[in-house]
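Undergrad: fold the following.
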Amino acid sequence: MPKPILKIALDVPLDRLFDYLSGGVAVQIGQRVLVPFGRRNQIGIVVGVADSSEFAIEKLKSITQAFTDEQPLDAQLLSLVKFSADYYQYPFGQALLAALPARLRQIAPAVSRKQFAYQLTDLGQQADVELITKRQRVLRSVLAALQMSNQLTEAELDTISSTARKAAKALVGLGYAKSKQVLAVQRVPAILATPEPQLNDEQMQAVASITKDIHAFRAWLLHGITGSGKTEVYIRLMQHILQEADSQTNTYQNPSFQNHGAQILVLVPEINLTPQLEARFRARLPQFTLVSLHSSLSESERLHHWQLAQSGTAQIIIGTRLSIFTPLPHLKLIIIDEEHDSSYKQQDSMRYHARDVALVRAKRLNIPVVLGSATPALESWYNAVGNQAQSDKNQANKYGLLSLKQRAVAAAQLPQIDCIDTTKVNLQHGLTPQLIAALRLRLARKEQSLFFINRRGYSPVLLCSACHWIASCTRCSSKLVVHLGQKRLRCHHCGHEQKIPNQCPSCGDADLHPTGHGTQRLEQTLAQLLPTARIARVDRDSISRKHALVDILDRVHNQEIDILVGTQMLAKGHDFPNLTLVGVIDTDNALYSPDFRASERLFAQLMQVAGRAGRADKAGQVIIQTQFPDHALFNALRRQDYESYANDLLQEREQVQFPPYVFVALLRAEANDYALVQQFLQFAFEQARSLSNEVLVYDPVRPQMERLKGMERGHVLMQASHRPALQKLLSHLVSKIRSQAIAAKVRWAVDVNPLEF
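TA: Residues are numbered from 1 along each chain as shown. Below is the predicted model of the structure:
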């Protein structure tokens, strides 16, 4: 009888599976194994079993070890990762291993925080507590508690008595109970429950529409203005699903002691949005186990949370983009908050978009997915309404559209938005008199203000006034940013840094001065103008310490901060009831950027940051400093009219045939020598042209940032009116490229549906 051949995925840059023998060890599909690979051992995942191999059986090696410390990955997740790897043209093994916590990629058993849970047998259910002597008080209490609650973990036993664990073991010895090792669930301190707010008509309509088809696949675009209560809609949907599953689940009859009800995945674009959402969910849904998954967790924390999700113990999972590949056996709903955010797109390795993968996963599971945003991505808007002003009527209603056009707090009104023409006023340290006056007024009223400038550091440019020399990065096509407090020049792309020179390296003149504003300079300016104001800066430099952002946000809520200065970290998701003024500094560069998505991103960013003002019963005001106050973007922003602006952008995209009306992919390449990049891209360009006449292939070009981290860069753009034609070309092209020697001399990648060209 032939020996079974294990098909194993490895974390190597080869798009193939590797054949191994089991060596007599029982192995399951999805199980982690240790295999010899070359001169070293490597972790792999068993993804299939075959009867034969392309290699002679006697030449195949056996696996070294099969890890039994973890549940195998389920078939649904393996299939999702395989689909994603194929669609984004990335090796399956690398994609699969990257989806695992770091501890599961190490050559060691995964150490899990576990505990024992106890459950009554049939004998224990029928036992009369009164027959146990009163001297055995703890034994009586534990038996009674088990008869009431189906199961108790060691942590729950500890709340009964310090000797309750010993009593539970005694019940096992009597045949009244049985025990099983389960994952430990961290007990979070109780959060003061918040009263359930009354939904307005729009929120009730949104909840009713989604719950009507809650057990079938449907993509819903929840388009709600800032402060309209999208999070409350999420909570009501979660309540509906989890409570319904709870009522249908008989945990007592389940010998595994795990919750087999329902799970909900909530995706957020950035780590800093998780603490606030966690707090709201825990306050409103305290009876359900919640975990978070993001890069700020330690390796052991991430593994433990991942295991709680994989086992079904965690019912609510909040995570960033990689969480879309978390094994969730009872997934019933996916929520994508701030779905327009570019952070959902991976910019290296497998360049997947978590929103798009979520839609595929939801469709395969036949469950709903909710995309929430005040400023949806144009692709999502197009899928919900089509281009109503043009001919594309058939595209409309691919997604269900639900609108929230009023703020959830009845007394809260949308803020007044004013654009100040900086060419017609005298600036004081880069600030207009109107903005300074508005700021002083808020301080007098003991209200809070937020200053938004999406540039960290002190100044973006160090300039010589004599010869106009500018400090540039030697490794990137970018300027060095001045960090005055540390007396350093830093590149925010590659991390290179150096001392600020005492004189110009070009002409020797000592008159070097920082030009432009960053968060540090704005913080310093405000401190000089308002010495009594309590100011806090929020950017990547100021919150590098773990929990630093949470500490600052707590101080804001406790009225210990008067003025916040920050980047886009503050632009979305945060709710500051006493914040009534938002000042926006220096955003004009995006208005005329060569990136066709720049205006869309800017509009979304400004709408989001404007939405931080006036969220309670105090009127809000937004002041934007610009040289182009009459630009169409600002006109739409003043009206807070996303719909009209989005429809105008869609008309422009259709006229010039940009996404979402076409499907695009970039073949990116980089090397130390641009001649190698040219040679590689020219080969790829010629091959692509010969492989398909349905795909438009553009000549190789250099991107706007020609050099990054010391590497010379270039790309080839491919565009098709139909997705299958582009995918067919890419699969053939990538196969041909991998067979060429030149491919090993450059670093290259395919970027499907790129956000940045």
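Undergrad: going by C-alpha atoms from here, please, whenever you check contacts or count neighbours.
TA: Noted.
Undergrad: got the contact list for Thr320?
TA: Contacts for Thr320 (C-alpha atoms under 8 Å, 6 or more residues apart in numbering) come out as Leu267, Val268, Pro269, Glu270, Ile271, Leu293, His294, Tyr344.
Undergrad: what's the farthest-apart pair in those residues?
TA: Leu293 and Tyr344 (14.2 Å; C-alpha to C-alpha).
Undergrad: more neighbours: those two, which one.
TA: Here Leu293 and Tyr344 are set side by side on neighbour count (other C-alpha atoms under 10 Å), and the busier one is Leu293, at 25 against 22.
Undergrad: can you count the residues close to the residue nearest to the more buried one when sequence neighbours are not counted?
TA: Spatial nearest neighbour of Leu293, excluding adjacent residues (C-alpha to C-alpha, 6 or more residues apart in numbering): Gly319 at 4.5 Å. Other residues lying near Gly319 total 24 when counted by other C-alpha under 10 Å.
Undergrad: can we start the residue count at 510 from this point?
TA: Got it, the first residue is 510 from now on, which makes the last one we talked about Gly828.
Undergrad: list the contacts of Gly828.
TA: Taking C-alpha under 8 Å, 6+ apart, one finds Leu774, Val775, Leu776, Val777, Ile780, Thr783, Ser801, Leu802, His803 in contact with Gly828.
Undergrad: hey, what's the first one bridged with?
TA: Using DSSP bridges, the bridge partners assigned to Leu774 are Ile826, Ile843.
Undergrad: what values do phi and psi take at the residue lying closest to Ser571 once chain neighbours are set aside?
TA: Spatial nearest neighbour of Ser571, chain neighbours left out: Leu530 (4.3 Å); criterion: C-alpha to C-alpha, 6+ apart. Leu530 adopts backbone torsions of phi -90, psi 150, taken as degrees, to the nearest 10.
Undergrad: do the same with the one 10 residues further on
TA: Here is the backbone geometry of Gln540 (degrees, to the nearest 10): phi -90, psi 150.
Undergrad: tell me the centre residue of the protein?
TA: Nearest to the mean C-alpha position of the chain, counting by C-alpha atoms, centre = their mean, stands Thr829 at 2.9 Å.
Undergrad: how close does it get to Arg793?
TA: As for Thr829, its distance to Arg793 is 22 Å (criterion: C-alpha to C-alpha, to the nearest Å).
Undergrad: any idea of the mean pLDDT for stretch 789-809?
TA: Stretch 789-809 carries an average pLDDT of 89.
Undergrad: for that stretch, list every residue counted as buried.
TA: 789-795, 797-803, 809 (16 or more other C-alpha atoms under 10 Å).
Undergrad: three-state assignment of Val1074?
TA: State at Val1074, reduced to three classes by DSSP: H, G, I helix; E, B strand; the rest coil: strand.
Undergrad: could you give the number of residues near it?
TA: Residues contacting Val1074 under the criterion other C-alpha under 10 Å number 24.
Undergrad: same question for Arg1148.
TA: 11.
Undergrad: what do you get for Ala1197?
TA: 23.
Undergrad: that one should be in a strand, yeah?
TA: No. If the criterion is three-state DSSP, then Ala1197 is helix and not within a strand.
Undergrad: look up the closest residue to it, ignoring the ones flanking it.
TA: Nearest residue to Ala1197 in three dimensions, chain neighbours excluded: Leu1242, at 6.3 Å (C-alpha to C-alpha, 6+ apart).
Undergrad: tell me the contacts of the one you found?
TA: Ala1193, Gln1196, Ala1197, Leu1200.
Undergrad: also Val556?
TA: Leu515, Lys516, Ile517, Ala518, Ile538, Gly539, Leu587.
Undergrad: what do you get if the cut-off is 10 Å, keeping everything else the same?
TA: Each residue near Val556 by C-alpha atoms under 10 Å, 6 or more residues apart in numbering is listed here: 515-518, 526, 537-541, 582-584, 587-588, 602.
Undergrad: report pLDDT for it.
TA: 97.
Undergrad: one step back: make a PyMOL selection of the buried ones in the contacts of Leu1242.
TA: Command for PyMOL, covering only those of the contacts of Leu1242 found buried under the criterion 16+ other C-alpha under 10 Å:
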select buried, resi 1193+1196+1197
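Undergrad: kindly reformat the contacts of Leu1242 as TSV containing distance to Ala883.
TA: TSV is the format used below for those (distance: C-alpha to C-alpha, whole Å):
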residue	distance to Ala883
Ala1193	40
Gln1196	43
Ala1197	39
Leu1200	42
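Undergrad: Trp815: which of the contacts of Leu1242 is nearest?
TA: Nearest to Trp815 among the contacts of Leu1242, with distances taken as C-alpha to C-alpha, is Ala1193, at 40.0 Å.
Undergrad: I figured that closest one was touching Val1225, is that so?
TA: Yes. Counting by C-alpha atoms under 10 Å, Val1225 is a contact partner of Ala1193 at 8.1 Å.
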